[in-house]
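Student: What would the 3D arrangement of this be:
(one chain, ligands or ions: 1)
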Amino acid sequence: MEYILVREQYEPAVALIQLNRPKELNALNTQLMQELRDTLQQLDKNDSVRVVIITGNEQAFAAGADIKQMSDKSAIDMLVIDQFSTWDQIRRIKKPIIAAVSGFALGGGCELAMMCDMIIASETAKFGQPEIKIGVMPGAGGTQRLTKAIGKAKAMELILTGRFITAEEAQAYGLVNKVVPVEMYLYEAAQLAKEIAQMSPIAAQLAKEAVNRSFETHLDEGLSFERKNFYLTFASEDQKEGMRAFVERRKPDFKGK
Ligand code: DAK
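Tutor: Down below sits the predicted model:
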């Protein structure tokens, strides 16, 4: 791996992926995205990992897709390169993913953060979809996910002006879960990850899938999908253990079975 660093047991059952192109503010080139996809797919299959954190560095989560790599491409070049398949594969990761964001989360960087399940931000984080300033528009879900997250008026403003919002604004609009001082954002993300890692990984996976369905389908279909996955949790030993532990007033010991 050239552009990402991986710590498989950053905390017990919590893996950390660090985007690592600091000189380019973690601009997401094709290779970085492929490395990220491959790593996430491996961690998804690794039973000793239950939650993944994706982070950058203090200066940048990611300042967008690599503009230098894209700048001279034609529409057909972009079609043939088909970067969407990599992004789609990342979207299908089953384990919970937390983005720990400091500094710039712009364009594809903001879209990557929004593809994660939750965002913990440092006070210095800046979010935006500035693609319009370079003559394009969001291409990896920004028009959809930002609109669902913060509503039409604000999403339209950010996407049509390319303005950035601060971490505090992002929290007020519902884009991020929590804002903390810069020395704390990774710690805070790890605390959240550790809490989730104690839950049944089966229930967590099914619940993540069902929450995501609410974005992707109409309510009727989402509810029936949620119901089916809810029933399916009852096929797991973890459901028995979890409910039994509650009744017996002790901590559950989830085995992922
Ligand atoms: N791409 C390539 N290099 C970048 C970059 C980017 N997005 N952002 C920054 N860099 C590089 C700079 O070129 C500079 O490199 P050198 O010139 O030193 O070699 C270095 O990082 C430091 O940047 P600055 O010198 O500009 O630093 P400043 O602090 O002055 O400014 C900034 C920071 C973040 C405001 C500025 O760098 C900036 O505006 N960056 C571009 C932000 C942006 O427009 N982002 C959106 C890019 S378009 C797709 C999936 C996704 C996408 C498209 C398709 N498919 C699946 C098909 C997404 C598209 C985008 O994200």
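Student: Only C-alpha atoms from now on, for both contacts and neighbour counts.
Tutor: OK.
Student: And for the closest residue to residue 130 other than its chain neighbours, the neighbour number?
Tutor: Using C-alpha to C-alpha, 6 or more residues apart in numbering and skipping residues adjacent in sequence, the residue nearest residue 130 is residue 162, 3.8 Å away. Counted with other C-alpha atoms under 10 Å, the neighbours of residue 162 add up to 20.
Student: Show me what from the stretch 1-150 of the chain comes close to the ligand.
Tutor: 23-25, 27, 63-68, 83-84, 87, 106-108, 130-131, 138-140 (C-alpha under 6 Å from any ligand atom).
Student: Mind checking which of those residues are buried?
Tutor: 25, 27, 63-66, 87, 106-108, 130-131, 138, 140 (16 or more other C-alpha atoms under 10 Å).
Student: Could you say which helix or strand holds residue 2?
Tutor: Using DSSP states H and E, residue 2 falls within no helix or strand.
Student: Tell me which residues touch it, please.
Tutor: residue 32 (C-alpha atoms under 8 Å, 6 or more residues apart in numbering).
Student: still on that earlier bit, what residues are up against the residue nearest to residue 130?
Tutor: Contacts of residue 162 (C-alpha under 8 Å, 6+ apart): 128-133.
Student: try 6 Å
Tutor: 129-130, 132 (C-alpha atoms under 6 Å, 6 or more residues apart in numbering).
Student: go on, residue 78?
Tutor: Going by C-alpha under 6 Å, 6+ apart, the list of residues near residue 78 is empty.
Student: got a pLDDT number for it?
Tutor: pLDDT recorded at residue 78 is 83.
Student: in what helix or strand does it lie?
Tutor: Per DSSP H and E: helix 75-81 holds residue 78.
Student: pLDDT below threshold where in the stretch 101-250 of the chain?
Tutor: Scanning the stretch 101-250 of the chain for pLDDT under 70 picks out 219, 222-223.
Student: Which stretches in it count as helices?
Tutor: Secondary structure of the stretch 101-250 of the chain, counting by DSSP state H, counting those that start in this stretch: helices at 108-115, 142-150, 152-161, 167-172, 185-197, 201-216, 219-233, 237-247.
Student: So which elements touch the one helix or strand residue 98 maps to?
Tutor: Secondary-structure element containing residue 98, defined by DSSP H and E: strand 97-101. Other helices and strands packing on strand 97-101, by 3 or more C-alpha pairs under 6 Å, 6 or more residues apart in numbering; DSSP states H and E, are strand 51-55, strand 118-122.
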